[in-house]
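Peer 1: please find the sequence and the predicted model below.
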Amino acid sequence: MKGRARPAARGEARLARTPASRALQLPSHCTLAGATGLHALLAAATDVPLSIDGGAVEQVDTAGLQLLVALARRERAAGRTLAWRAASDELRRGGARLGLLGELGLEGGNGVRQ
Amino acid sequence: MTSDTGRFHEVFFDEGLQSLDAMEAALLRLSPGAPDAELINTVFRTAHSIKGVAGMFGFAEVAAFTHTVETLLDSLRSNRLQVTAAMCDGLLRSVDALRAMMLAQRRHRPLDLAAAEALQREFGRMIGGEGQPGAAPAVLLEAGTWRIRFRAMPALLAHGNDPLRMFEDLAGLGSLQVEADCSSVAPLQVLDPAVCGIAWTLLLTTTAPRTAIELVFEWAQGDCELEFERIGTVMVPAPPVSARPEPAATAAPGVQLRAAVPESIRVASDKLDGLLHTVAAIEATHAMLVRAAHEAEGPSAERLRGGLERMQGELAELRLGMMRVRMLPLGTVFNGFPRMVRDLATRLGKQIRVSISGEHTELDKTVLERISDPLVQLVRNSVDHGIESPAEREAAGKPVEGQIRLHAFPRQDTLRIVVSDDGRGLDARRLADKARSAGLVAADAGLTDRQAWELIFMPGFSTLEKATDLSGRGVGMDVVRRNVRELGGSVELQSEPGRGTSTIISLPLARPEALVPAGPDVAEGVEAGLRRRPRLT
């Protein structure tokens, strides 16, 4: 993805195809309320490595973070690494509070702060 | 702050403020000349309790400052220091400072620590250099480390319980480390987003008791597996009074959390008002049904009428019960007077003792609030005008220490509240002269003593040439009478020159049917015939 025309709206995840990977922009609300749509999108994206842009995430909950954990585990199982283009403070805070930063690959400096 | 944490905090504020009242009352009895060891012990125990509970709930400034107070009290009870007038005064000011801190915390307002820090320095000098300027004595507090294992059941998230929020609440109790086990998370393809497969092991270091920790998971009961294990104890230093509170750096060794098993619950008065409206609405419907049943015929009609008759008694009991819930003891107002009188008397160079009786008499909350200001005015009048200076009293052959008495008792259908003093009494002739010179009464009018006393209830009338900031502005007694009359009561004076003055307030004892709070008119839309009731709130 080259640049971001606009942030993904609440509950809306968007995929952009690049030659070697897919970039996925997380919606502003990664919560149970919008988890079904996000889940369907993540589950369908299986062919190429994913990079995640979580810079616009404003709200997370356990359900939303669990989806990302499941995504990261699937990528690892496939021998790929989940790459983070950006991770908002809220996303990091939620991941840290649930002890999931390692699972998500967000430990240390991974993921560009927005 | 969660609502549960907030509930605990409210209990702390309620009980803390009550403890401060008790501490203040004990300090008022503390004499520099002949200190009472048991009294000092009582004050010490109260301060210790406040410190412990404040620490437990994370109010580090309150805990740290109370520790300084406690240190001074400890020096007194072990006779390392002698009680002085300055100490009594400082300890009373420390009650004021603690009260202000608690009220600020309760209202989520910034703390003004200037008074506390000044007292801390003052007490430090008294103790002997322990309290250097800006430095609080070191406080070591005990904290427990808990291992908590948490595993979600399938319905946890769907029932609105989010571990993220729970863990944030836990972190508010202290220091939290979280370890997640994601081995049971279903593969993405088959994952149900509403089912949490993550399990956690949490390490929480906190001064909060287990009950407070369990409360965080209260709503998740049945939707999760929980194990608690206390695995250690650590001592942590409390921050100085001016430091920002750190959630983990607090503790309360040996302090029991009464809030865990509450003996009473707090209910907002508007909720009670709402229930009273509901009771009134049921009564209106009942009245309508009674009339309908009166006209009914047939075998069921008699049973219906009997049932409605029983219901009438039950409704009366319900209303009476609701009223009782709104009652508060007069002591909530009375008990503030000893301190107020002490401070005012000190400023005026007078010696005055306050005695209180009947403080357990209960009044409706609204009535109590509205009688409070008139009582303050009456007591201030007694301090300012009634009680003479020590020299005057001595010259008149009276004890140097004046007496102000607050007494409440029921009399027939009324509650009497008497504020009396043994001061100079009302000077009927002087009052009459002033009224004549002000043109309020005819120059040749003869007034009985009682008529002259009544003059003080006239708006703007004052016996003082110059108003003081205590009283004497001539706006007091008319307001007292007006407020009491608005409550359906009356005010009467009795006075004797040289012997003192008594002001007797008579209030009608509340009747069950006399209380309907302000709000929507419950009678609206209900068949005519419902008796309208006066509103008290």
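Peer 2: All right, it came through fine. Remember, predicted model here, so these are calculated numbers, not experimental data.
Peer 1: what about the most centrally placed residue in chain A, helix or strand, and which?
Peer 2: Centroid-nearest residue in chain A, with CA atoms, centre = their mean: A:Ile52, separated by 4.5 Å. Taking DSSP states H and E as the criterion, A:Ile52 maps to strand A:50-54.
Peer 1: what does B:Gly144 give?
Peer 2: Secondary structure assignment for B:Gly144, by DSSP H and E: strand B:140-152.
Peer 1: check which helices and strands the next helix or strand after that strand sits against.
Peer 2: Downstream of strand B:140-152, the next assigned helix or strand under DSSP H and E is helix B:163-171. Helices and strands touching helix B:163-171, by 3 or more CB pairs under 8 Å, 6 or more residues apart in numbering or on different chains; DSSP states H and E, are helix A:62-77, helix A:89-97, strand B:140-152, strand B:174-181, strand B:199-206, helix B:210-216. The C-beta positions use only the backbone N, C-alpha and C, and glycine is treated the same way.
Peer 1: my guess is B:Glu486 contacts B:Arg370. True?
Peer 2: Yes - applying CB atoms under 8 Å, one finds B:Glu486 in contact with B:Arg370, separated by 7.2 Å.
Peer 1: got the angle between the strand holding A:Ile52 and helix A:89-97?
Peer 2: Calculated by axes from the mean of the first three to the mean of the last three CA atoms, to 10 degrees, strand A:50-54 forms an angle of 110 degrees with helix A:89-97.
Peer 1: for the residue nearest to the centre of chain A, what are its contacts?
Peer 2: By CB atoms under 8 Å, 6 or more residues apart in numbering or on different chains, the contact set of A:Ile52 is A:Ala23, A:Leu24, A:Leu26, A:Leu68, A:Leu82, A:Ala83, A:Trp84, A:Arg85, A:Ala87.
Peer 1: what about the strands in the stretch 201-350 of chain B?
Peer 2: Assigned by DSSP state E, counting those that start in this stretch, the stretch 201-350 of chain B shows strands spanning B:224-237, B:327-329.
Peer 1: state the mean pLDDT of the last one.
Peer 2: So the one you mean is strand B:327-329. Average pLDDT, strand B:327-329: 85.
Peer 1: that strand pairs with which strands?
Peer 2: Sheet pairing of strand B:327-329 (DSSP bridges) gives strand B:362-364 (antiparallel).
Peer 1: any idea which helix or strand comes after the partner strand?
Peer 2: Proceeding N to C from strand B:362-364, the next assigned helix or strand is helix B:365-381, under DSSP H and E.
Peer 1: what's the next helix or strand after that following helix in contact with?
Peer 2: Later in the chain than helix B:365-381, the nearest helix or strand by DSSP H and E is helix B:390-395. If you take CB under 8 Å, 6+ apart as the criterion, helix B:390-395 is touched by B:Gly349, B:Lys350, B:Gln351, B:Ile387, B:Pro399, B:Val400, B:Glu401, B:Gly402, B:Arg424.
Peer 1: the first one against B:Glu388, yeah?
Peer 2: No - checked against CB under 8 Å, the pair B:Gly349 and B:Glu388 is beyond contact range at 11.0 Å.
Peer 1: good, we can wrap up now.
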